[in-house]
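Undergrad: Kindly return the folded structure for what I paste below:
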Amino acid sequence: MSIGTAWANAALAFLLELAALAVLAWGGWRLGGGGALRGILAVALPAAAAVLWGLFAAPRATYPSGAGELVVKAAVFGGAALVLARAASPHWGGGFAALVLANLVLAALLPAVESAPAS
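TA: Numbers count the residues shown, from 1 in each chain. You can find the predicted model right below:
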């Protein structure tokens, strides 16, 4: 597989991360009950996910660790898949989870984008 495939997969990973944040915000609003709790959850869920991602799962994480990255990715992507399954349809949740899994498997198999030689 080529470096172009690695870059495409990295771009897909970024889009999946943004989608997970959007789904968490939507899920907080949709499943948050009534009143101010909806707004609080719609802001707090993606904010907490973004902070945890930056601390443990980002390429330049503050506290890089394999276990921390795994736990945060499982929580963020798994949470988004559960929100989709509950608030939209089990098919949407399963499809999102399958796409994330395929992306993560490809990322493990492809060369790292950061270490790719510049052309």
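
Undergrad: dump the residue contacts of residue 38.
TA: By CB atoms under 8 Å, 6 or more residues apart in numbering, the residues touching residue 38 are 28-29, 32. C-betas here are computed from N, CA, C, even on glycine.

Undergrad: out of the residues you listed, who's nearest residue 73?
TA: Nearest to residue 73 among the contacts of residue 38: residue 28, at 19.4 Å, using CB to CB.

Undergrad: Find the helix or strand that the residue nearest the centre of the chain is a member of.
TA: Among the residues of the chain, the one closest to the centroid is residue 17, at 3.5 Å (CA atoms, centre = their mean). Per DSSP states H and E: residue 17 is located in helix 3-31.

Undergrad: Which strands or helices does that helix pack on?
TA: In terms of contacts (3 or more CB pairs under 8 Å, 6 or more residues apart in numbering; DSSP states H and E), helix 3-31 is packed against helix 36-52, helix 66-83, helix 90-109.

Undergrad: right, and those helices - which one's nearest residue 5?
TA: Using CB to CB, these put helix 90-109 closest to residue 5, at 7.8 Å.

Undergrad: mind listing what the residue nearest to the centre of the chain touches?
TA: Contacts of residue 17 by CB under 8 Å, 6+ apart are 53, 76.

Undergrad: Same check on residue 24?
TA: Going by CB under 8 Å, 6+ apart, residue 24 touches 45-46, 49, 76, 79-80, 83.

Undergrad: picking that back up, next one: the helix holding residue 17 to chain centre, how far?
TA: Distance of helix 3-31 from the chain centroid (CA atoms, centre = their mean, to the nearest Å) equals 5 Å.

Undergrad: Give me the neighbour count for the closest residue to residue 9 other than its chain neighbours.
TA: Closest residue in space to residue 9, ignoring its immediate chain neighbours: residue 106 at 4.8 Å, by CB to CB, 6 or more residues apart in numbering. Residues contacting residue 106 under the criterion other CB atoms under 10 Å number 17.
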